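Undergrad: Next come a sequence and a model predicted from it.
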Amino acid sequence: MNLTERNKELMKKFETMINTADETLADELVSSDAPFFTPASPEPLYGGKGYLSVVHWMRSGFSDVQWHIKDMVTEKDKVAVKWELTGTHDGEFLGIKPTGNKISVCVMNFYYLNKDGKVINDIAAEGMIGILKGIGAV
């Protein structure tokens, strides 16, 4: 299997991981020393559990949140993914009370992989403004 095929397969598993919060998949797909950042934590969170904490944070405001791969480009140790994020604002999010609004937001992420094909970094293009627009906060 070439790198492009490996990376595409990895990201399909990654999509399953974030939509199910599967800790076993998270440990398989994310390097244990990979740092992740979220507005919910002032300190970086590490590894698969750290990444899933970002998912759980999103679910606290959108219990039905789902990510769907819409497009993907891979190059050696990098993968760019265009996600469609959907959900219902049914919990407090960034201090904003639930509105019941349904959102559908385009989010762009760049993933960096180590030689073993595990995620070591995730850089997100700013999708938060789309989420805040979707719930009527801006």
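TA: Sure, I can see it.

Undergrad: burial measure for residue 115, as a count.
TA: 7 (other Cβ atoms under 10 Å). C-beta coordinates here come from the backbone N, C-alpha and C atoms, glycine included.

Undergrad: Which helix or strand in this structure has the lowest average pLDDT?
TA: For the chain, using mean pLDDT, DSSP states H and E, the weakest element among its helices and strands is helix 128-134, scoring a mean of 70.

Undergrad: And the spatially closest residue to residue 77 that is not a sequence neighbour, what's its pLDDT?
TA: Distance criterion Cβ to Cβ, 6 or more residues apart in numbering; nearest residue to residue 77, sequence neighbours excluded, is residue 113 at 4.8 Å. We have a pLDDT of 96 for residue 113.

Undergrad: Could I get the contacting residues of residue 113?
TA: Neighbouring residues of residue 113 by Cβ atoms under 8 Å, 6 or more residues apart in numbering: 7, 10, 77, 78, 79, 119, 120.

Undergrad: any idea how far residue 59 is from it?
TA: Distance, residue 113 to residue 59, by Cβ to Cβ, to the nearest Å: 25 Å.

Undergrad: Over to residue 117?
TA: 27 Å.

Undergrad: what does residue 76 give?
TA: Taking Cβ to Cβ, one finds residue 76 at 33 Å from residue 59.

Undergrad: Between those two, tell me which one has more neighbours.
TA: Counted by other Cβ under 10 Å, residue 76 and residue 59 do not tie: residue 59 has more neighbours, with 16 against 9.

Undergrad: Run through who's touching the helix or strand hosting that one.
TA: Under the criterion of DSSP states H and E, residue 59 resides in helix 47-61. Under the contact criterion Cβ under 8 Å, 6+ apart, helix 47-61 has outside partners 17-18, 21, 23, 25-36, 38-41, 44-45, 65, 87, 89-94, 96, 98, 119, 122.
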